[in-house]
Each structure stands twice: as C-alpha cells, then as structure tokens.
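In: have a look at this prediction, sequence included:
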Amino acid sequence: MLTIDGRRYDTGEPVRVVTRGPRIASVQPAWPQSDCADWPLLAPGLFDVQINGHGGVWFSDEALTPPRAAEAIRAYLRFGVTRLCPTLITNSFEGLAQGLRAIRAACEQDALVDHMVAACHLEGPYISAEDGPRGAHPREYVRPPDWDEFRKLQDISGGRVRLLTLAPETPGAIDFIRQAAAAGVVIAIGHTAATPEQIQAAVDAGARLSTHLGNGAHALVHRHRNSIWEQAAEPRLMASLIVDGHHLPASLVRAFVRLKTPRNVLLTCDAAGWAGCRPGLYENKLGKSELLENGKLVVAGQRELLAGSAYETDVCVAKVREFAGVSWRDAIHMASKQPAQLLGCEFPRLRRGGLADLFVFRHEPAAERLNVLATIVRGELVYGALPRPACLAGSL
C-alpha cells in the first residue's frame, strides 16, 4: 500500500491518494497548514506510442537481446512513462523479427516490462522510398506492404504488433489497411508523399492516426494540396506530434493543437536509440547519426535532416504547454489518455478503483523538462521516492 500526497494535475486540488495492490483505494482531499502551491503535481503515468530505444539500444537491432530490451524499456520510468510502444523502424525481415522476438521474451520474463509494453509499433518498412518522406529510414529496406510478411512478424511478436505506420500511396497499401484494421491493428499514416485522394482512401479503409504529423514529408510541397494539410483537416484521424523543440516550430504545434483539438492529439518523443547518450557521432546498421550539443539528433554530415529525437516524453509535455499554451490537464492527457484511447488500453484515472499507474513531478517555468520525483506502476513505487509535503496537516 502506498500513500501519495500531491496536487491533482487537472484541478490543482491537494489530495491524498492511497493505493492497494494495482488499484487506487481512495482519493481524499488533503488539508495543508499553509499554501500548497509548492506541492508536486500528481498525474496518470505517461504513455508514448513511438519509442525506438534508449541509451544505445535500438528495438530494431538484429543483435537485440531480452535483457537489453528490458533495460531500454525500464529506462523510461524515470521520465514518468508507465506505458509505451517499442517502435521498430524500417529494416530487413531478420532485423524486425529479432527485435520483436527479444521484446516478446523480455515481456514474458519481466512482469513490469510486460505491463509497460502496451503494444509494438512497426514504423515501416512499408513507407515512401522518396528522399524527404522517407526521413532517416534506410532506403534499401523500404518495400511495399506484404500481408504474409506482416503475419509472420505478428506471430513472432506473440500478437503484440498493434500499431503500424505506412505510406498509403505504396502498392497494395489500401487493401493492406483493410486487412490490418479488420485484424485489430491500428494503422497510422506516415513517411508519405501521398496525394489528398490517397490520404482519403487510406482513412476510408480504416487508418486512424497520423504519425508525427508535419515530419516525414517533402521539404517543399504545394501550399494547398498536400498530405500534411489533408491529414490535419481530416476529423477521423488523430495526430501524433513530436514536440521536442526541434521537429516542429512552436507556431505549427500551436496550429495543429488548435485545429485537431487536444482530444485528438498524441504527444510522442520519437526517441531514437541514441537518446540518453552523450553528444557525439553514432553509427549502426541503419546509418550514421550525430547528437549535437543542443540536443538535436541529425543524420551525420549536416545539421538539418533529423534522425529522430534524443529527448524523452516528459520534455514534450513541458514544451506543448510552452508552445500551445494548454493546461496541465490537456498536456498530460495528450501523453496518456489519448494514446490509451487509440489503442484501447485502460486510462489510469485519479479515482477510487482506478489503475495505479501514476507519477509525481514538479516543473519550473523555465525548465525544458519535468522533474519527475516518483513513478508508480500498478501500485508499486518503481522509480524515485514519494515526497511528503511539510505543510500537510492531515486529510479527510
């Protein structure tokens, strides 16, 4: 049993939360002896649908082992993340298969990791081969959608692939979307040079998400007829945004959030396997990258083409408040409730009976990230320490 004191992220009310087992047993008002403005905030654990690895570990690495997969997944606990989708980017069949095999084994060997892995996300290999839309994905492994290949990968994963990003203009993509949607897989549109008509065909076939909207696209497009605006204006599509300060300018984040509304936006850090590493040059089978001193991760040899992100999810929560002027409630929900809704997972509500996946944090106005004090998964303290506000007099 845990007792957690803090201010609710959605109302600012000081409360005492008591957990029993994996559930919240009670949420009661707390009565501080003085101003509670310095109390930490208490919120549902963060949920990120696109994380490629951490600390030098890539989930799509042919050499990935279950312990290394578990290490990279557990690393996100210190950033308030309690659920995530290990993401495997465009690679050979063997590379994707080994990554999924290692993640499956890690889940089967570690109950905490099994809970954290809400689903696996295949970002590719069924994407555009064109420079620009392809992003930093290796061209040599880009290929058209193949249902038989996907079914083999799904079997290897133990049924964990529940999110797949593809380009709808690739041969056979629309039929593939129909098959995947019928099988319960969420299809996202991304790394695409599709026409507006192809975007609409994908949505009609069952696509539900835009992967990192505004990125993975041509640098120059028609000012009106382009895949970015078509997805932004489509009410049937939710949109994930990388709000790390490098992938999108503040004005575009603000525009997307206002257009889609916070209820239809997901925050993702899109962290590369080099996240958590020191600035410098890095290389693996998928290419060479450079992590700059300012935290920007780029394809080596230049300074503009991004190679994913080197930040974690909590940074996106802090920056979306800065860029879009949203409340803590909306910022947290974009990184917890909306991803859970998309994938049909339980959202940890701060009420009796709610799932006790929570985190406690502070944030200084000028800080680029949250100061995570404690992370709780299924009622167990798995990172940090629970603060005890000095001004607490008691609770009802």
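Out: On my side now, so go ahead.
In: distance check, the most centrally placed residue in the chain against residue 318.
Out: Taking C-alpha atoms, centre = their mean, the centroid of the chain lies closest to residue 48, which sits 2.3 Å from it. Between residue 48 and residue 318 the computed distance is 14 Å (C-beta to C-beta, to the nearest Å). Where C-beta positions appear, they are placed from N, C-alpha and C, glycine not excepted.
In: how about residue 268, what does it touch?
Out: 48, 49, 50, 51, 212, 240, 241, 242, 313, 316 (C-beta atoms under 8 Å, 6 or more residues apart in numbering).
In: biggest separation within those residues, which pair?
Out: 51 and 241 (14.8 Å; C-beta to C-beta).
In: about what we covered before: which of the contacts of residue 268 fall in helices?
Out: 313, 316 (DSSP state H).
In: residue 337 touches residue 348, doesn't it?
Out: No - contact criterion C-beta atoms under 8 Å: residue 337 and residue 348 do not qualify, at 9.1 Å.
In: of these two, which one has the most company?
Out: Between residue 337 and residue 348, counting by other C-beta atoms under 10 Å, residue 348 is the more crowded of the two (26 against 20).
In: grab the longest helix from this structure for me.
Out: From DSSP H, the single longest helix across the chain is helix 93-109.
In: so which bits of it are buried?
Out: Buried residues in helix 93-109, counting neighbours by 16 or more other C-beta atoms under 10 Å, are found at 95-107.
In: who touches it?
Out: With C-beta under 8 Å, 6+ apart, helix 93-109 has contacts from 58-70, 73, 86, 88, 91, 113-114, 117, 120, 122, 125, 141, 149, 152-153, 156-158, 160-161, 285.
In: and after that helix, which helix or strand comes next?
Out: Reading on from helix 93-109 to the C-terminus, the next helix or strand found by DSSP states H and E is helix 111-116.
In: now that next one: buried residues?
Out: Buried residues in helix 111-116 (16+ other C-beta under 10 Å): 112, 113, 115, 116.
In: got it, and stretch 77-93?
Out: By 16+ other C-beta under 10 Å, the buried positions in stretch 77-93 come out as 77-92.
In: how far off centre is stretch 45-60?
Out: Relative to the chain's own centre, stretch 45-60 is displaced by 8 Å; criterion: C-alpha atoms, centre = their mean, to the nearest Å.
In: my bad, should have said stretch 29-49
Out: 23 Å.
In: and the end-to-end length of stretch 318-334?
Out: Length of stretch 318-334, first residue to last, C-alpha to C-alpha, to the nearest Å: 12 Å.
In: brain fart, stretch 130-137
Out: Span of stretch 130-137 from end to end, C-alpha to C-alpha: 10 Å.
In: buried ones in it?
Out: Buried positions in stretch 130-137, judged by neighbour count with 16+ other C-beta under 10 Å: 130, 133, 134, 135, 136, 137.
In: check stretch 185-202 too.
Out: Buried residues in stretch 185-202, counted by 16+ other C-beta under 10 Å: 185-196, 198-202.
In: who are the contact partners of residue 182?
Out: residue 206.
In: got the phi/psi numbers for it?
Out: Residue 182 adopts backbone torsions of phi -70, psi -30, taken as degrees, to the nearest 10.
In: check the gap between it and residue 125 for me.
Out: According to C-beta to C-beta, residue 182 stands 21 Å off from residue 125.
In: repeat for residue 11
Out: 45 Å.
In: with residue 31 instead?
Out: Counting by C-beta to C-beta, the gap from residue 31 to residue 125 is 57 Å.
In: do residue 157 as well
Out: For residue 157, the distance to residue 125 - C-beta to C-beta - is 15 Å.
In: equivalent analysis for residue 316, please.
Out: In terms of C-beta to C-beta, residue 316 sits 26 Å off from residue 125.
In: thinking again about what came up before, who has more neighbours out of residue 11 and residue 125?
Out: Set side by side, residue 11 and residue 125 show more neighbours around residue 125, with 28 against 11, by other C-beta under 10 Å.
In: so what pLDDT did the more buried one get?
Out: At residue 125, the model reports a pLDDT of 98.
In: all further residue positions should be reported with the first residue as 21.
Out: That works, and once the first residue is 21, the last one we named lands at residue 145.
In: in three-state terms, label it for me.
Out: Assigned state for residue 145: coil (three-state reduction, DSSP: H, G, I helix; E, B strand; the rest coil).
In: ok, and the closest non-adjacent residue to residue 288?
Out: residue 70 (4.2 Å; C-beta to C-beta, 6 or more residues apart in numbering).
In: that neighbour contacts residue 290, correct?
Out: Yes - between residue 70 and residue 290 there is a contact at 5.0 Å, judged by C-beta under 8 Å.
In: pull up the overlap in contacts between these two.
Out: With C-beta under 8 Å, 6+ apart, residue 70 and residue 290 have common neighbours 107, 232.
In: what ranges do the helices span in the stretch 21-170 of the chain?
Out: Using DSSP state H, counting those that start in this stretch, the helices found in the stretch 21-170 of the chain span residues 86-94, 113-129, 131-136, 167-177.
In: could you dump stretch 226-242 to CSV, C-alpha only?
Out: Provided in CSV are the C-alpha atoms of stretch 226-242 (Å, rounded to 0.1, in the frame of the first residue of the first chain):
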residue,chain,number,x,y,z
GLY,A,226,-9.5,2.3,-41.7
ALA,A,227,-6.5,4.4,-41.0
ARG,A,228,-6.9,6.2,-37.6
LEU,A,229,-3.7,8.1,-36.9
SER,A,230,-1.2,10.5,-38.5
THR,A,231,2.3,9.5,-37.3
HIS,A,232,4.4,12.6,-36.3
LEU,A,233,2.3,15.0,-38.4
GLY,A,234,4.5,17.6,-40.0
ASN,A,235,7.5,15.4,-40.2
GLY,A,236,8.5,12.6,-42.6
ALA,A,237,7.4,14.7,-45.6
HIS,A,238,8.9,16.7,-48.5
ALA,A,239,10.6,19.9,-47.6
LEU,A,240,8.7,21.7,-50.4
VAL,A,241,5.0,20.9,-51.1
HIS,A,242,2.0,22.5,-52.8
